[in-house]
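Chemist: Predicted model, plus sequence, below.
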Amino acid sequence: QVQLVESGGGLVQAGGSLRLSCADSGRNFGWYAMAWFRQAPGQERDFVAAITWSVGMTYYADSVKGRFTISRDNAKNTVYLQMNGLKPEDTAVYYCAAKSYGGTIYRRDAYDRWGQGTQVTVSS
């Protein structure tokens, strides 16, 4: 059974850094892309960043460009989100997601599999 397992969340002060990891277990062939979304209390689940699995093309929300970096390790079936310069408004539950086919990268309904989420809290 395919599972996406996130780790690396926590509490950090504004300006600090965290690295999130998402390990994909049980998959026998590659995803088209993997992504991170986030959801703050009372808010929609929003796109943060994505990476295509074979080529490594990256996509970012405007709010995180220049601060966050998404990367992947094909051998480990793992995608990472390096978050630098964290702000209180980055506080949210961060979800890993994977999609099987091409098409839109930014919409959450384009993704087939989701992790359970990891909490990121940035204090001011």
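Modeler: Perfect, I can see it now.

Chemist: what's the helix or strand for Gly30?
Modeler: Using DSSP states H and E, Gly30 maps to neither a helix nor a strand.

Chemist: State the distance from the closest residue to it other than its chain neighbours to Asp73.
Modeler: Once flanking residues are discounted, Gly30 sits nearest to Trp53: 4.7 Å by CB to CB, 6 or more residues apart in numbering. Where C-beta positions appear, they are placed from N, C-alpha and C, glycine not excepted. Going from Trp53 to Asp73 by CB to CB, to the nearest Å gives 11 Å.

Chemist: So which of the two has more stuff around it?
Modeler: Remark: of Trp53 and Asp73, Trp53 carries more neighbours, 19 against 11, as counted by other CB atoms under 10 Å.

Chemist: picking up where we left off before, ok, the residue nearest to Gly30 - contacts?
Modeler: Shown in contact with Trp53 (CB atoms under 8 Å, 6 or more residues apart in numbering): Gly30, Trp31, Tyr32, Ala33, Met34, Arg72, Asn74.

Chemist: In terms of pLDDT, where does it sit?
Modeler: Listed pLDDT for Trp53 reads 87.

Chemist: Also Phe47?
Modeler: So Phe47 comes in at 98 (pLDDT).

Chemist: Shouldn't it be within a strand?
Modeler: Yes: per DSSP: H, G, I helix; E, B strand; the rest coil, Phe47 lies within a strand segment.
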